[in-house]
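Asks: Generate a structure from the sequence data that follows.
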Amino acid sequence: MEDPADAPTPFANVAAQTTLLAQRYQFYLDQSTPYVFYRWVGSATLLFFFMLRIILSQGWYIVCYSLGIYLLNLFLAFLQPKFDPSLEQDMKERESEEGGVGGELPTRQDEEFRPFIRRLPEFKFWYSATKATVIAFVCTWFSIFDVPVFWPILLLYFCILFAITMRRQIQHMIKYRYLPFDLGKVRYARRSN
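Replies: Numbers count the residues shown, from 1 in each chain. The predicted model follows:
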C-alpha cells in the first residue's frame, strides 16, 4: 500500500511538464544553430508578415516603432566589439600618465592579429530579434496597444535616429580600424605546373 505523502502533488506534475517542455524547446533551438541562413529567412518572413499586418490594419504604429528601436539597438550591439578599443586606449593613456608599465609585448599594432569578438553574438542577435518580433506580433492582437499617433513623425524620427547612430558607428569603425564582418576564408588559386 502506497503512502499518500509519497504521491506527486499537482504542482510537481506542472513543474515536471514545464521542465520537459523547456528541455525540448532548448533541444530544437540547439539543432537550429548551424542553419544560419534558414533561421534569418524565417525571421525575415515573420517580420514581413508583421509589417503586412501593420500596413493592412493601419494601426499599432507605436508597437512597430518600439520594435524598430529595439532591433536597431540589437544591430548596434551586433556591430560593436566586445572589448571597446576606445576604452582600451583610454586605459593605456591613463597608465602611461601614471607611469605604470603595461604587461603587453612590444609589438606594433599593425602586425598583431586581433580577432573580432562581437558584443552580441549572431545567434543571440537572431534569437532576440525573433522573440521581439513574435511579441510585437502578439501585441497587434490587442487594441490596448493601438495608440493613436501620427505615424509619419515616428517614421521620420526613426530614420533620423538610424542615420545618426549608423554614422557614429561607422566613424568608430574607421577610427579604430575594425571590420565587424567576416568576409570568409581567403582562398588562393592553385598554381599549375
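
Asks: what's the neighbour count on residue 49?
Replies: Residues near residue 49, counting by other C-beta atoms under 10 Å, number 12. To be clear about C-beta, it is placed using only N, CA and C from the backbone, and glycine gets the same treatment.

Asks: Could you list which residues are in contact with it?
Replies: Residue 49 sits next to residue 137 when contact means C-beta atoms under 8 Å, 6 or more residues apart in numbering.

Asks: And the contacts of stretch 122-141?
Replies: Stretch 122-141 has contacts (C-beta under 8 Å, 6+ apart) with 29, 33, 36, 39-40, 42-43, 46-47, 49-50, 53-54, 57, 59-60, 63-64, 66-67, 70-71, 74-75, 77-78, 120, 145-146.

Asks: and it, what's its mean pLDDT?
Replies: Throughout stretch 122-141, pLDDT has a mean value of 96.

Asks: residues of it that come out buried?
Replies: Residues of stretch 122-141 classed as buried by neighbour count (16 or more other C-beta atoms under 10 Å): 125, 126, 127, 128, 129, 130, 132, 133, 136, 137, 139, 140.

Asks: Filter the residues you listed down to just the ones in helices.
Replies: Secondary-structure check on the buried residues of stretch 122-141 using DSSP state H: residues within helices are 125, 126, 127, 128, 129, 130, 132, 133, 136, 137, 139.

Asks: out of the residues you listed, which one sits closest to residue 22?
Replies: Using C-beta to C-beta, residue 127 is the member of these that lies nearest residue 22, at 14.7 Å.

Asks: Roughly how far does that closest one sit from residue 37?
Replies: 16 Å (C-beta to C-beta, to the nearest Å).

Asks: Then residue 177?
Replies: From residue 177 over to residue 37 the distance is 29 Å, taken as C-beta to C-beta.

Asks: what about the two, which has more around it?
Replies: Neighbours per residue, other C-beta under 10 Å: of residue 177 and residue 37, the larger number sits with residue 177, 10 against 7.
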